[in-house]
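Enquirer: structure for the following, please:
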Amino acid sequence: MRVGIDLSPLFYGLNRTRGIGTYAENLAAALAATDTTNEYVLLTTRGTHSYSLPFSLPKNFSTVPLPAPSLGRATPLVSHQIVLPLFLRRLNVDVLHLLQAPYNPSLPAVPLWQRVPTIVTVFDLMPLRMGKQLLKHERYRRFFDFQLNACRRAAHLITATEYTARELVHFRIASRDKISIVPLAAPPLEEKDELSNDVRQLIQGAPFFLHVGGDEPQKNQETVLRAFGLCCRNPAFKHQLVLVGQHHLSDAPALDVTTRAALRICRLSEVTRAEMDALYEHCAALVFPSSYEGFGLPLLEAMRAAAPVITSNASCLPEVAGEAALYVEPRDANALANAMRRVLEDERLRIKLSEAGERRAHEFSWTRTAHLTRAVYERVARDWRN
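Expert: Prediction:
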């Protein structure tokens, strides 16, 4: 069997540091490490950022650049809607795996014209649930509708959780028998690179709570800030709040509650994987009250580091975290503040969450992700031949 995998998302914007980048890179690495039977063609593109795989490829793997003219923001439209379907004949692949179905037309997307059996990974349908925040432009709405129609034409869909599988059925994107659930895993630990001065000072300074995701609407950073302000009302509370993400809200939600939160909120816009691992390892807890996730990789990253996890009872998060987390309503600042206090005051609970989290994180592996994905490739190829 000859499999084509589109790694184009790794060449655009911040995708490499986001969940899609973690997925693309680690899936390719795990397949390369476990499958010596099938042939793989990894498609690359010119994109907006240069990129090279951080691991060597075995003989049954090859990388092939997808030819496309440089047309600025229109390049992905041409490369994936016109060039890719035509190029597949030359590649002679049995199945094609596309790793995302974006709502932004300036990103590599699923072609409507599918000349070979096409498998699409759809992590979430967040634009349908949070359209007012994410689909502000008409071109985004129309393009996402276009992508959903392309997914309907796909031979098979992959998603990471049962929650998203139910969403795909609910919105009539695919029947349940055309959807396979393939969970992800925490990315491998990086070697101990040199930490920046900012991160080193943080982990050596006052204890801190950690929030990951920035001001993206589903991450509920405002709730985190307000809950932190509520905790700061107690003079005995000495912790800081570390916010990691590309963009952040101001201190206002915390300062509206108490001025004691002033100068105790630290923002980091760019951190290395090693620095992120260090923050997980030293935080008092990960505070992650997201309203909607396709999987929630930060949960497993924190659990692997034995950090207690406080998350929301929304979307797929209980499915991923299981019994290894404290759950709150995603926008309930009082409940979140109470959960933060419980982690600090109840040592038995803290130890329980830490140990349960480590066990939970070990239940997920990229080797398993690769085996399940390979099974989908073989099933689709077999069904197509028959």
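Enquirer: for residue 297, give me its contacts.
Expert: When the contact criterion is C-beta atoms under 8 Å, 6 or more residues apart in numbering, the partners of residue 297 are 19, 22, 184, 186-187. The C-beta positions use only the backbone N, C-alpha and C, and glycine is treated the same way.
Enquirer: now it: how far from residue 317?
Expert: Taking C-beta to C-beta, to the nearest Å as the measure, residue 297 and residue 317 are separated by 11 Å.
Enquirer: the longest helix anywhere in the chain - contacts with which helices or strands?
Expert: Across the chain, the longest stretch assigned as helix under DSSP state H is helix 366-385. Secondary structure elements in contact with helix 366-385, counted by 3 or more C-beta pairs under 8 Å, 6 or more residues apart in numbering; DSSP states H and E, are helix 19-34, strand 95-98, strand 118-121, strand 156-159, strand 179-181.
Enquirer: and the longest one, what does it pack onto?
Expert: Contact partners of helix 19-34 among helices and strands, from 3+ C-beta pairs under 8 Å, 6+ apart: strand 2-6, strand 39-44, helix 366-385.
Enquirer: same question for the third one.
Expert: Under the contact criterion of 3+ C-beta pairs under 8 Å, 6+ apart, the helices and strands touching strand 118-121 comprise strand 95-98, helix 138-153, strand 156-159, helix 366-385.
Enquirer: and the angle from the longest helix of the chain to strand 2-6?
Expert: Going by axes from the mean of the first three to the mean of the last three C-alpha atoms, to 10 degrees, helix 366-385 is angled at 120 degrees with respect to strand 2-6.
Enquirer: run through who's touching helix 366-385.
Expert: Helix 366-385 has contacts (C-beta under 8 Å, 6+ apart) with 1, 3, 26-27, 29-31, 33-35, 38, 94-95, 97, 117, 119, 155-156, 158, 180, 182-185, 188.
Enquirer: okay, now residue 158: neighbour count?
Expert: 23 (other C-beta atoms under 10 Å).
Enquirer: ugh, typo on my part, it should be residue 197
Expert: Counted with other C-beta under 10 Å, residues neighbouring residue 197 total 8.
Enquirer: sorry, back to before: any chance of the helices and strands packed on strand 118-121 in JSON lines, plus distance to residue 219?
Expert: Listed next are the helices and strands packed on strand 118-121 as JSON lines, based on distance: least, C-beta to C-beta, whole Å:
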{"stretch": "strand 95-98", "distance to residue 219": "26"}
{"stretch": "helix 138-153", "distance to residue 219": "19"}
{"stretch": "strand 156-159", "distance to residue 219": "20"}
{"stretch": "helix 366-385", "distance to residue 219": "24"}
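Enquirer: of these, which is nearest residue 336?
Expert: Proximity of these to residue 336 was assessed by C-beta to C-beta; the nearest stretch is strand 156-159, lying at 28.0 Å.
Enquirer: could you point out the helix or strand that follows that closest one?
Expert: helix 162-170 (DSSP states H and E).
Enquirer: tell me what that next one is packed against?
Expert: Counting by 3+ C-beta pairs under 8 Å, 6+ apart, the elements that helix 162-170 packs against turn out to be strand 156-159, strand 179-181.
Enquirer: what are the buried residues along the worst-scoring helix or strand of the chain on mean pLDDT?
Expert: One helix or strand of the chain scores below all others by mean pLDDT, DSSP states H and E: helix 131-134, with a mean of 86. Across helix 131-134, burial judged by 16 or more other C-beta atoms under 10 Å covers residue 134.
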